[in-house]
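Q: pasting a predicted model and its sequence here:
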Amino acid sequence: MSAFAVDGPREWGRVYAGGVGSRSAANVLTVTSSATTVVPVMTLAPAARLTGTLRPPDTGVTMLPGGSVEVYRMIEGTEDFEFYDSFEAENTRGLYTSHYLPAGSYKVRGVSAYSQLAPTWWTGGRGSYAYASAERIDLSNGSEVEIDMIVLGPSAAIERIAGPNRWETSVALSQRLFPASGPQGQPAKTVPVVYVVSGEDFPDALSAGPAAHRLGGGMLLSPRDAVPAVVASEIRRLRPERIVVVGGEPSLSTAVFSELATIAPTERIAGANRYETSRRVVRDAFIARSGGAATVFVATGSKFPDALAAGPAASKVAAPVVLVPGTSAAADAATTALITELHVRDAYVVGGADSVSDGIAGSLRMALSGELTRVAGANRYVTAASLNAKFFTSSESIYLASGTSFADALAAGALVSAEAAPLYLMQQNCAPYVIETEHQRLDAWRLVLVGGPDRIAPWDISGPYC
């Protein structure tokens, strides 16, 4: 039950039973036909008011037919917000005014009837599609606050980061991660490290993305025998403090190492096989140069999709990705030793038992002080989505890369992690159906396709799906 009143031009804020302003916090009154129910006294106070102008983005046009402002109020005794009311904007000028708001904390969202515009939370600036970015507005009794220029942007802006080949795509991603700032195009901050990994084979490189993110660095691809000129030029622009070549000479030759060494101090991290290489990359970034890791992600090293999808999720919680021979009966001693050295509490096994066996999972569990959780789906696309659903509650961007070719998703790892965004895998001509619901769940306004049309055909949120 609620009450509100109008006294001439003066409004009184709505109040619910129990003297609160939120429906969810109100007292429940039970009314029966055979008894008189006494309603507690509800004291009204002068209403607060929000006013302002609702406009579309960068057009200079103020008219938004069917536009409205949704008001969300903080529930008493919690940090949660619930929908409170919606107020229409005048069609001719985009002006809106709220009514009957009690004192409290609010968040507001602008909504348009145009399908190409999407709901946008007010942030104090341009606005955001992510609820987590919404600015809190505190209103007192009788106060009036003007919230102007609630901007509605594209419902799903589509971008593509790509070059004519995988080497140039990795450079384009690096330039997005470290944009030009200085007079010679150098980034604003010193780049501590650049990992150079094979773009021709995936195993050695799978642990490098989270390592690069942990150290604030970047990652570039190279063929085995020579550094592409565009990659060398990008490394010179970055001026890294050091370069790490990942993998032995079968992955990246001595000639590649020697050329890179002319640009910056260069070292090679490699092991006898992909699993030892993975452990050495993790040990260097997360133990020798950091303070360990409370969480670890474990994925098979025999195929790439699970480990690639795990990278941004792992980076979200400052965790490494460790590769294992997934069909083994148990985790080997070297892997469990690394878990101990990292001081890991919790672990996530990525992929089903056909990717990482139950035996490996069980033996890892014995080495943990916390919990082990398996994250898996029916296929690589659903596994990636399941990871993102677990670790991302909101994101302004969604990245999509090929699930059938490793290079673009691999090169994107450092950038996607730096933006705290999720990475989804898709087929060339269609995306998994879960992308549509994830786009809505995350309040994402930007979809970024990584790689050229030969990897991902022109696509937007309307589909196609498969």
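A: It's in.
Q: grab the nearest non-local neighbour of residue 386.
A: Spatially, and ignoring its direct neighbours in sequence, residue 386 is nearest to residue 377 (4.8 Å; C-beta to C-beta, 6 or more residues apart in numbering). Where you see a C-beta, it was placed from the backbone N, CA and C, and this is true even at glycine.
Q: please tell me how far residue 141 sits from residue 257.
A: Residue 141 is 70 Å from residue 257, where distance means C-beta to C-beta, to the nearest Å.
Q: ends of stretch 179-197, how far apart?
A: From its first residue to its last, stretch 179-197 covers 21 Å (C-alpha to C-alpha, to the nearest Å).
Q: just confirm residue 363 is within a strand.
A: No: the assignment for residue 363 (DSSP: H, G, I helix; E, B strand; the rest coil) gives helix, which keeps it out of a strand.
Q: list the contacts for it?
A: 330-331, 336 (C-beta atoms under 8 Å, 6 or more residues apart in numbering).
Q: 10 Å instead?
A: Counting by C-beta atoms under 10 Å, 6 or more residues apart in numbering, residue 363 makes contact with 328-333, 335-336, 357.
Q: closest one of those to residue 37?
A: Closest to residue 37 out of those is residue 357 (62.9 Å), distances taken as C-beta to C-beta.
Q: wait, that closest one touches residue 325, no?
A: Yes: under the criterion of C-beta atoms under 10 Å, residue 357 makes contact with residue 325 at 9.3 Å.
Q: looking at those two, which is more packed in?
A: Taking other C-beta atoms under 10 Å, residue 357 and residue 325 do not tie; residue 357 has more neighbours (21 against 17).
Q: and stretch 423-442, end to end?
A: Stretch 423-442: ends 13 Å apart by C-alpha to C-alpha.
Q: any buried residues in that stretch, and which?
A: 423-427, 431-432, 434-435, 438-439, 442 (16 or more other C-beta atoms under 10 Å).
Q: the closest residue to residue 137 other than its chain neighbours: neighbouring residues, count only.
A: Leaving out its chain neighbours, the residue that sits closest to residue 137 by C-beta to C-beta, 6+ apart is residue 106, at 4.7 Å. Per other C-beta under 10 Å, the neighbour tally for residue 106 reads 23.
Q: residue 106: what secondary structure?
A: Quick answer, by three-state DSSP: residue 106 is strand.
Q: how close does it sit to residue 194?
A: Taken as C-beta to C-beta, the span from residue 106 to residue 194 is 45 Å.
Q: quick revisit: tell me the least confident of the buried residues of stretch 423-442?
A: Ranked by pLDDT, the buried residues of stretch 423-442 bottom out at residue 439, which has 80.
Q: surely that residue is in contact with residue 433?
A: No: using C-beta under 10 Å as the test, residue 439 is too far from residue 433 to be in contact (11.2 Å).
Q: listing partners with orientation, what would you give for the helix or strand hosting residue 245?
A: Using DSSP states H and E, residue 245 sits in strand 242-246. Strand 242-246 has the following sheet partners, assigned by DSSP bridges: strand 193-198 (parallel), strand 266-269 (parallel).
Q: let me know the angle separating the helix or strand that that strand is followed by from strand 242-246.
A: Moving toward the C-terminus from strand 242-246, the next helix or strand (DSSP H and E) is helix 254-261. Inter-element angle recorded for helix 254-261 and strand 242-246: 160 degrees (by axes from the mean of the first three to the mean of the last three C-alpha atoms, to 10 degrees).
Q: what about helix 254-261, distance to the chain center?
A: 35 Å (C-alpha atoms, centre = their mean, to the nearest Å).
Q: and that helix, what other elements does it pack with?
A: If contacts are counted by 3 or more C-beta pairs under 10 Å, 6 or more residues apart in numbering; DSSP states H and E, helix 254-261 sits against strand 193-198, strand 218-222, helix 229-238, strand 242-246, strand 266-269.
Q: which element is the residue lying closest to residue 287 once chain neighbours are set aside on?
A: Of all residues not flanking residue 287 in the chain, residue 341 sits nearest, at 5.7 Å (C-beta to C-beta, 6+ apart). Using DSSP H and E, residue 341 sits in helix 333-342.
Q: so what's residue 317 up against?
A: Applying C-beta under 10 Å, 6+ apart to residue 317 gives the contacts 210, 293-297, 346, 348, 391.
Q: list just the nearest of these to residue 251.
A: The closest of those, once distances to residue 251 are taken by C-beta to C-beta, is residue 210, at 18.6 Å.
Q: average pLDDT across the helix or strand containing that closest one?
A: Remark: residue 210 resides in helix 208-214, with elements defined by DSSP H and E. Mean per-residue pLDDT for helix 208-214: 96.
Q: and it, what does it pack against?
A: Using 3+ C-beta pairs under 10 Å, 6+ apart as the test, helix 208-214 ends up in contact with strand 193-198, strand 218-222, strand 242-246, helix 274-282, helix 305-316, strand 321-324, helix 407-418.
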